[in-house]
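# take this sequence and fold it.
(chains A and B)
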Amino acid sequence: MNSGFGAPAHLGDTISALIDGELPATQAAAAHAHLAVCPTCARELHAVSQARTWVRSLPTVDPPFGFYERMLLDHSPVPAGAGVFAQRAALRRRAGIAAVGAAAAAVTVLGVGSPSARPVNPAVPRLVEAHAASASVGADLLSKLAPAGVPVSFNR
Amino acid sequence: MRARVAAAPAVALLLGALAPAPAPAAEPAPLEDARRAAERIAFDGVLEVRWRDGVETRSERLTVEAAGGALMVRGANLVMARPAFGRLLAHGGGGWEEMWLPSLAPGPRPDGRAKYATTPSGAGPAVATRPTKVVEVRRSSALVERIYLDTETDLLLERDQFDAGGTVVRTLAFESLTYRSSSTSPAAGPQSPAHHAPKAVSSGSSAATLADGYQRMGTYRSGGVVQTLYSDGLYDLSLFEQRGRLLRSDLPGPGERVAVGKATGWRYPWPGGQLVVWSAGGTVFTAVSDAPADQVLAAVRSLPAPRASEPSLLGKVRRACQALMEPLA
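Below you'll find the model as predicted:
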């Protein structure tokens, strides 16, 4: 954070603190006063706010199937009495898991979390009805078509 | 789902002027006999549908009425099969929607006898007071289905589906049944149903076959949804594809988590079978089938990995970095 809020200096990192609401009231007031007269900081505040909104709007995504299970399996405690080499190996393994986790999270955010693909909500009841209609062609009607008389709902 | 036998409007079965087109089917012989019987005989009755939903067994009752090759099912939904493969549906008191057109006849079903063995196993217990003959459908000696046909008419009276452990997972059975002597029925059908039938399209890059002997019968499009219909001769499987990504919040409910290739999917039982939803390569897939769960999962897992239409990993990294750096530039 900058040492002061005089006109010649810019807010710098203070902008993030301001957006996050972490500044004391007096400093926040000073920052707002500076923003009112400094177009450079005002632009930066706008841009950082946009970036923050973009990052926070990324969807929650699932890790690869079995990721948690494998992580938990690999995270077994070091048995009491194990040698110093075993303990170091365990630490290295945990550090490796953490690194892999971080890398997976980064790849997930960059790859899967891209906002390019639009969300799709499959209309499951309609799809089931479409299936029953098509699958009943040339087949036993009671077996293939009658179940469509029951609306599909998964709200238990 | 609540059991509601709708107080159906006065909608009657339509006796089409057209004779039923030849069936594009090669179902196991007993089911083929049952299909012909349902199209030939006039009857009405109450049908119970029961299915396993996790640890719970659920059931619904439907009234059915058939005459002249047409069939009407009345539940919370009204479903109508017209002769020559027209299919209509109405949601609880709403208007009729045309779901399938006779012109969309899919290709022939594969010969189910290559995968399943059907063996008569003698007389069975009465179903809806009717005497039955039992046919068992087995795959590699494992019982898959037990079918109860009317001894006199061949109409399907009960059909039980078993899981790999021999437990009944789905049942369709008449509770009551009355044969009518005349095949004449009220001729008024829905006058102007909304047109929601898909259009037949080129199969494009859809897989011609899936694991467990499922073969493609046709590909259809309705709006942004492409449906590819597969069959193994006994069961059918529809694969629906929509461009986009799946949000957890858009899932239809708390299903069973399953792996489909590298993706995570969710499986749900429905009254007529199983469905699996997952997302991969910028496409949302929904598989709907009347096959047992293990077959559905094997089939969808055999799909070729979808070609990602998104940028390469390097492209994604570059794009993300640009987005992050832009505000600071």
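# show me where the stretch 101-250 of chain B has its strands.
For the stretch 101-250 of chain B, the strands defined by DSSP state E, counting those that start in this stretch occupy B:117-127, B:130-139, B:142-150, B:156-162, B:168-179, B:194-195, B:199-200, B:209-210, B:214-222, B:225-231, B:236-243, B:245-246.
# could I get these as TSV with mean neighbour count?
In short, each C-beta sits where N, CA and C put it, glycine included. Listed next are those as TSV, based on neighbours: other CB atoms under 10 Å in any protein chain shown:
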stretch	mean neighbour count
strand B:117-127	13
strand B:130-139	19
strand B:142-150	21
strand B:156-162	23
strand B:168-179	18
strand B:194-195	12
strand B:199-200	13
strand B:209-210	18
strand B:214-222	21
strand B:225-231	24
strand B:236-243	23
strand B:245-246	26
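# any chance of those strands in JSON lines with distance to chain A and mean pLDDT as columns?
Listed next are the strands of the stretch 101-250 of chain B as JSON lines, based on distance: least, CB to the nearest CB, whole Å; pLDDT from 0 to 100:
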{"stretch": "strand B:117-127", "distance to chain A": "12", "mean pLDDT": "95"}
{"stretch": "strand B:130-139", "distance to chain A": "12", "mean pLDDT": "96"}
{"stretch": "strand B:142-150", "distance to chain A": "9", "mean pLDDT": "96"}
{"stretch": "strand B:156-162", "distance to chain A": "5", "mean pLDDT": "97"}
{"stretch": "strand B:168-179", "distance to chain A": "6", "mean pLDDT": "97"}
{"stretch": "strand B:194-195", "distance to chain A": "13", "mean pLDDT": "87"}
{"stretch": "strand B:199-200", "distance to chain A": "11", "mean pLDDT": "93"}
{"stretch": "strand B:209-210", "distance to chain A": "15", "mean pLDDT": "96"}
{"stretch": "strand B:214-222", "distance to chain A": "7", "mean pLDDT": "96"}
{"stretch": "strand B:225-231", "distance to chain A": "5", "mean pLDDT": "96"}
{"stretch": "strand B:236-243", "distance to chain A": "4", "mean pLDDT": "96"}
{"stretch": "strand B:245-246", "distance to chain A": "4", "mean pLDDT": "87"}
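# model confidence for A:Pro122, exactly?
At A:Pro122, the model reports a pLDDT of 89.
# could you do A:Pro79 as well?
pLDDT recorded at A:Pro79 is 56.
# per-residue confidence for residue 87?
You didn't pick a chain, so chain A it is. So A:Gln87 comes in at 64 (pLDDT).
# try chain B instead
Model confidence at B:Arg87, given as pLDDT, is 91.
# wait, it touches B:Met80, no?
Yes - if you go by CB atoms under 8 Å, B:Arg87 and B:Met80 touch, sitting 7.2 Å apart.
# need the residues of the stretch 1-150 of chain B near chain A, please.
Residues of the stretch 1-150 of chain B lying close to chain A by CB under 8 Å from any CB of the partner chain are B:1, B:23-25, B:27, B:31, B:34-35, B:38-39, B:47, B:49, B:53, B:60, B:62, B:64, B:66, B:71, B:73-79, B:81, B:85, B:87, B:89, B:91-92, B:99-100, B:104-106, B:109.
# which of those fall in helices?
In this view, these that belong to helices under DSSP state H are B:31, B:34-35, B:38-39.
# for stretch B:291-306, measure first residue to last.
By CA to CA, to the nearest Å, the extent of stretch B:291-306 from end to end equals 23 Å.
# and the residue lying closest to A:Val137 once chain neighbours are set aside, how far is that from B:Gly112?
Closest residue in space to A:Val137, ignoring its immediate chain neighbours: B:Phe85 at 4.8 Å, by CB to CB, 6 or more residues apart in numbering or on different chains. Per CB to CB, to the nearest Å, B:Phe85 is found 20 Å from B:Gly112.
# ok, and the most crowded of the ones in helices among the residues of the stretch 1-150 of chain B next to chain A?
Neighbour counts for those, by other CB atoms under 10 Å in any protein chain shown, peak at B:Ala34, which reaches 28 neighbours.
# the nearest residue to that residue once chain neighbours are set aside bridge partners, please.
Leaving aside its sequence neighbours, B:Ala34 sits nearest to B:Leu156 (CB to CB, 6+ apart; 3.9 Å). Under DSSP bridges, the beta-bridge partners of B:Leu156 are B:Leu149.
# B:Leu156: what's it in contact with?
B:Leu156 makes contact with A:140, A:142-143, B:31, B:34, B:37-38, B:147-150, B:172 under the criterion CB atoms under 8 Å, 6 or more residues apart in numbering or on different chains.
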